[in-house]
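A.B. asks: with the sequence up front, the predicted model follows.
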Amino acid sequence: MLGACSSHPEHPATVVPASATTALHAVAPSTAAPATTATPDTAAVLAALVKQQYPSYAVEEFSAGDLNADGSLDLLVVLRGLQPCTTLSEPTYCRKTLLVLNEGFPRMRVAASNDNVVACSNCGGAGVGDPHRGIIIKGNYFSFESLYGACDKTYFTVTFHYSRTRRNWFLHRRSSLDYSCQDTTNTVDENQESTRDFGVVSFSDFGGVEVAE
């Protein structure tokens, strides 16, 4: 993944397979159809929702977790544009990220969206290409990992958290690891920022990571 920087500690992608097709079935209401009736597939229900509300996108990946602390499994979804969104030499596809709440499967609702938290498919720089490295859900926290750069690389992790009092999702922590393929000492510079540094930023308002030129 790190190309010429393979001598440095790699930061492997968090693989989030779109295999949570049965994840929401366990939280279907007790009035669900009997076992003799096929249960709606999570991926199919999600694809139909996206096609209806975001027809210029398709589901790229999703993961299940309790995003709003109500005891039900929701979906964190990354969409990919069906058509290239820039005029770069290689086709580049923009992304949109959704927080989809389970309101009694198969009823699902998009509660929030963001166009910046997962960058475009070719925005990582010449040494990376696609910067997106994965998503992680731990309790009511969820993180996005991305990698940028050529020889000099930066690995970003941005974490959001659900606020029960505000009933919304906010940026919790922003961290980065900087390293270079020209550094023979394997030095990694770490930096972390919290709300004391960036203030109150909702998931929908998050503007993306700042990448040094």
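C.D. replies: Sure thing, it's come through. This one's a predicted model, so the numbers in the text were calculated from it and none came from an experiment. Numbers count the residues shown, from 1 in each chain.
A.B. asks: strands of this protein, residue ranges please.
C.D. replies: For the chain, the strands defined by DSSP state E cover 57-65, 74-81, 95-102, 108-114, 132-138, 141-149, 152-163, 168-180, 189-193.
A.B. asks: adding mean neighbour count, write the ones you listed out as TSV.
C.D. replies: Any C-beta I mention is one placed from the backbone N, CA and C, and that applies to glycine too. Output for the strands of the chain, formatted as TSV (neighbours: other CB atoms under 10 Å):
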stretch	mean neighbour count
strand 57-65	20
strand 74-81	22
strand 95-102	22
strand 108-114	17
strand 132-138	18
strand 141-149	22
strand 152-163	20
strand 168-180	19
strand 189-193	11
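A.B. asks: same list, those, but as a markdown table with mean pLDDT and distance to residue 120 please.
C.D. replies: Formatted as a markdown table, the strands of the chain follow (pLDDT from 0 to 100; distance: least, CB to CB, whole Å):
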| stretch | mean pLDDT | distance to residue 120 |
| --- | --- | --- |
| strand 57-65 | 97 | 12 |
| strand 74-81 | 97 | 8 |
| strand 95-102 | 98 | 6 |
| strand 108-114 | 98 | 13 |
| strand 132-138 | 95 | 9 |
| strand 141-149 | 95 | 11 |
| strand 152-163 | 95 | 15 |
| strand 168-180 | 95 | 19 |
| strand 189-193 | 94 | 24 |
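A.B. asks: between the ones you listed, which gets nearest to residue 45?
C.D. replies: strand 108-114 (6.3 Å; CB to CB).
A.B. asks: what angle sits between the closest one and strand 95-102?
C.D. replies: Calculated by axes from the mean of the first three to the mean of the last three CA atoms, to 10 degrees, strand 108-114 forms an angle of 140 degrees with strand 95-102.
A.B. asks: quick revisit: need the strands of the chain in a markdown table with distance to residue 125, can you?
C.D. replies: Shown next, in a markdown table, are the strands of the chain (distance: least, CB to CB, whole Å):
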| stretch | distance to residue 125 |
| --- | --- |
| strand 57-65 | 20 |
| strand 74-81 | 19 |
| strand 95-102 | 17 |
| strand 108-114 | 22 |
| strand 132-138 | 13 |
| strand 141-149 | 5 |
| strand 152-163 | 8 |
| strand 168-180 | 13 |
| strand 189-193 | 18 |
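A.B. asks: out of those strands, which is closest to residue 211?
C.D. replies: Closest to residue 211 of those is strand 141-149 (CB to CB; 4.8 Å).
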